[in-house]
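Chemist: sequence plus the predicted model coming up.
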Protein chains: 2
Amino acid sequence: MISVVLIGTGNVSTKLQQVFSQSEEVHLSGVHGRKKRTGTILPSGLEIQEISQIDKNADIIMIATADDAIAYVKMELGNPNALVVHTAGSVPLEALAPIKRRGVFYPLQTLSADLEVDFTALPLCLECSQEKDRKLLQQLAESISTSVHWISSSERERLHLAAVFTNNFVNHMILQAEKICEEYDLPKELLHPLLDETVVKAKKQGAYKAQTGPAVRGDLSVIAKHIELLQDAARQKLYKTITASIQNEYESQL
Amino acid sequence: MISVVLIGTGNVSTKLQQVFSQSEEVHLSGVHGRKKRTGTILPSGLEIQEISQIDKNADIIMIATADDAIAYVKMELGNPNALVVHTAGSVPLEALAPIKRRGVFYPLQTLSADLEVDFTALPLCLECSQEKDRKLLQQLAESISTSVHWISSSERERLHLAAVFTNNFVNHMILQAEKICEEYDLPKELLHPLLDETVVKAKKQGAYKAQTGPAVRGDLSVIAKHIELLQDAARQKLYKTITASIQNEYESQL
């Protein structure tokens, strides 16, 4: 049984509370957070009012706060016996120094407190400062997922950048499509089968081979028409920049 | 039984051959194309060598060629008795004039000859010049899909633009993520659960609400770090432009 204390009350912490509470190998011994959030699955009596009251003999203290709160929490924690890990994609392991037993437990997923996510296939990216803590961290990760990976801080930084393209930027493309539909009273659900297939195809063939459309075909009349339709200068710039990037990628073929 | 002649041998035509061949309400009476492509599901004996040999009494002649071949095929066809439709997203109905009975049969999907697609939920966007042809076109569409929509040329032009964001541009974002993984020997499959969830979340919540990440949070230090990591000027420009577009969208919140 691994005893875990969670710090934070945002989406990541709320999701981890839910999944740790359901794991038979984890004992969630407390949760500390500045903002109050009523988690329906969180058993009552777990709330820790002050960081100083955290059980220093817990196996793992997990800082699942916003990135910029990690440094503050670290100072408050001092140097506990427990292994202290954070859950951030873009914060290096060394940000937890001088805590001796430090580590990272980064779930590579977009987590929302109110949306169900399948944790069993969710990639967990691990890192720790002391060789002897590897087993403990691996055990915790395997108690909730089958996709466990040891990833260095510099690799994780790059994975996080790739995740920004995969999630943040893909979502922004979907937003642009939704807005065009809304402007012309077209139901955005018309695009959902295409969106689903886009992802299926990219995963199956790889995105390089899956690319289609006016940019890769070099269809200048359609591109010009689209730029005209977009009207707004900012959206035109977005369209032009991505089109140029696609053309740049496939340059030798045009 | 609706008799259909298909013109074209690309992905759209090949897919439509397959699905029409399987429909009990459609008789695929022939296929004409300049390029030879061996469709495994296409029954032999259907190939039409010359446009002049096309059965002028077919109910529907469907031009499923590249956009820029539509004008050429139209000239070759003359003015047949059949309803003549094209399958292009960005070509107006009037491009088929002076053919009297003209129409559009636009499948809003990315079709590959060798990938299976669920046609029953695939949106078909219809348009025709003569009121009396609506029933025939509707009947053909309903024989293969439950998602049938009457969409004008100007609506379809906008839907096609939205489809470019949904498919072409989303795919290019996935490519960028794959490239970052490849450059650092990280398995790109690590990103697949995130990609799946991104689409699920955008469809469920709408993309506006689903947006997360450094751009919408205004996390300038992560953004600066990412731009540094990208190195190449073209990729930096892509990252900066999309980040600015996200920030522009949520400006009042920052």
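Modeler: Alright, I've got the coordinates. Residues are numbered from 1 along each chain as shown, chains lettered A, B, ... in the order given.
Chemist: just the strands in chain A please.
Modeler: A:2-7, A:26-32, A:47-48, A:60-63, A:83-86, A:102-107, A:124-128, A:148-150 (DSSP state E).
Chemist: mind checking which of these is nearest chain B?
Modeler: Ranking the strands of chain A by proximity to chain B (Cβ to the nearest Cβ) places strand A:148-150 first, at 6.9 Å. Any C-beta I mention is one placed from the backbone N, CA and C, and that applies to glycine too.
Chemist: list the helices and strands that closest one packs on?
Modeler: Contacting strand A:148-150 under the criterion 3 or more Cβ pairs under 8 Å, 6 or more residues apart in numbering or on different chains; DSSP states H and E are the following elements: strand A:124-128, helix A:134-142.
Chemist: that older thread, please identify the deepest-packed of the strands of chain A.
Modeler: Among these, strand A:83-86 has the highest mean neighbour count (mean count of other Cβ atoms under 10 Å in any protein chain shown), at a mean of 26.
Chemist: hmm, that strand in reach of chain B?
Modeler: No. Figure legend: strand A:83-86 not in contact with chain B (Cβ under 8 Å from any Cβ of the partner chain); closest approach 14.5 Å.
Chemist: that strand: how far from the chain's middle?
Modeler: 18 Å (Cα atoms, centre = their mean, to the nearest Å).
Chemist: contacts for that strand next, please.
Modeler: By Cβ atoms under 8 Å, 6 or more residues apart in numbering or on different chains, the residues outside strand A:83-86 that reach it are A:59-64, A:70, A:74, A:77, A:95-96, A:99, A:101-105, A:128, A:133, A:136-137.
Chemist: adjacent strands (with direction) for it?
Modeler: Strands that pair with strand A:83-86, judged by DSSP bridges, come out as strand A:60-63 (parallel), strand A:102-107 (parallel).
Chemist: now render these as JSON lines, adding distance to A:Ser23 and mean pLDDT.
Modeler: Formatted as JSON lines, these follow (distance: least, Cβ to Cβ, whole Å; pLDDT from 0 to 100):
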{"stretch": "strand A:60-63", "distance to A:Ser23": "13", "mean pLDDT": "98"}
{"stretch": "strand A:102-107", "distance to A:Ser23": "14", "mean pLDDT": "98"}
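Chemist: kindly reformat the ones you listed as JSON lines containing distance to A:Gln176.
Modeler: Listed next are the strands paired with strand A:83-86 as JSON lines, based on distance: least, Cβ to Cβ, whole Å:
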{"stretch": "strand A:60-63", "distance to A:Gln176": "35"}
{"stretch": "strand A:102-107", "distance to A:Gln176": "28"}
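Chemist: circling back to that earlier point, out of the strands of chain A, which gets the lowest mean score?
Modeler: Of all these, the minimum mean pLDDT falls on strand A:47-48 (a mean of 85).
Chemist: show me what that strand is packed up against.
Modeler: strand A:26-32.
Chemist: let me know the angle separating the strand it packs on from helix A:134-142.
Modeler: 90 degrees (axes from the mean of the first three to the mean of the last three Cα atoms, to 10 degrees).
Chemist: what does strand A:26-32 rub up against?
Modeler: A:1-9, A:13, A:17, A:20-21, A:42-43, A:46-51, A:53-55, A:58, A:140, A:143-144.
Chemist: in its sheet, what does it sit against?
Modeler: By DSSP bridges, strand A:26-32 pairs with strand A:2-7 (parallel), strand A:47-48 (parallel).
Chemist: chain center to that strand: distance?
Modeler: Worked out by Cα atoms, centre = their mean, strand A:26-32 lies 22 Å from the chain centre.
Chemist: please save the CA atoms from that strand in PDB.
Modeler: Provided in PDB are the C-alpha atoms of strand A:26-32 (Å, rounded to 0.1, in the frame of the first residue of the first chain):
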ATOM      1  CA  VAL A  26      -2.900   3.400  -3.000                       C
ATOM      2  CA  HIS A  27      -3.900   4.900   0.300                       C
ATOM      3  CA  LEU A  28      -4.800   8.600  -0.300                       C
ATOM      4  CA  SER A  29      -4.100   9.900   3.100                       C
ATOM      5  CA  GLY A  30      -4.900  13.600   2.600                       C
ATOM      6  CA  VAL A  31      -5.500  16.500   0.200                       C
ATOM      7  CA  HIS A  32      -4.300  20.100   0.700                       C
END
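Chemist: circling back to that earlier point, may I see the strands of chain A organised as TSV, with distance to B:Ala244 added?
Modeler: TSV is the format used below for the strands of chain A (distance: least, Cβ to Cβ, whole Å):
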stretch	distance to B:Ala244
strand A:2-7	34
strand A:26-32	37
strand A:47-48	41
strand A:60-63	31
strand A:83-86	29
strand A:102-107	27
strand A:124-128	29
strand A:148-150	33
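Chemist: quick one: closest of the ones you listed to B:Ser112.
Modeler: For these, proximity to B:Ser112 was assessed by Cβ to Cβ; strand A:148-150 is nearest, at 31.4 Å.
Chemist: least trustworthy helix or strand in chain A by mean pLDDT?
Modeler: Ranked by mean pLDDT, DSSP states H and E, the weakest helix or strand in chain A is strand A:47-48, scoring a mean of 85.
Chemist: contacts for it?
Modeler: A:Val5, A:Gly30, A:Val31, A:His32, A:Ile54.
Chemist: number of residues surrounding A:Phe20?
Modeler: 21 (other Cβ atoms under 10 Å in any protein chain shown).
Chemist: and it, what is it in contact with?
Modeler: A:Val4, A:Leu6, A:Val26, A:Leu28, A:Ile144.
Chemist: excluding its backbone neighbours, what's nearest the fourth one?
Modeler: This means A:Leu28. A:Phe20 (4.6 Å; Cβ to Cβ, 6 or more residues apart in numbering or on different chains).
Chemist: likewise for the first one?
Modeler: In space, A:Val4 comes closest to A:Ile60 once its chain neighbours are excluded; the distance is 4.9 Å by Cβ to Cβ, 6+ apart.
Chemist: about what we covered before: in CSV: the strands paired with strand A:26-32, plus distance to B:Asp196.
Modeler: Shown next, in CSV, are the strands paired with strand A:26-32 (distance: least, Cβ to Cβ, whole Å):
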stretch, distance to B:Asp196
strand A:2-7, 26
strand A:47-48, 33
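Chemist: right, so of those strands, which gets closest to B:Val199?
Modeler: strand A:2-7 (28.7 Å).
Chemist: off-centre distance for that closest one?
Modeler: For strand A:2-7, the distance to the chain centre is 20 Å (Cα atoms, centre = their mean).
Chemist: swap in stretch A:223-236?
Modeler: The answer for stretch A:223-236 is 32 Å, by Cα atoms, centre = their mean.
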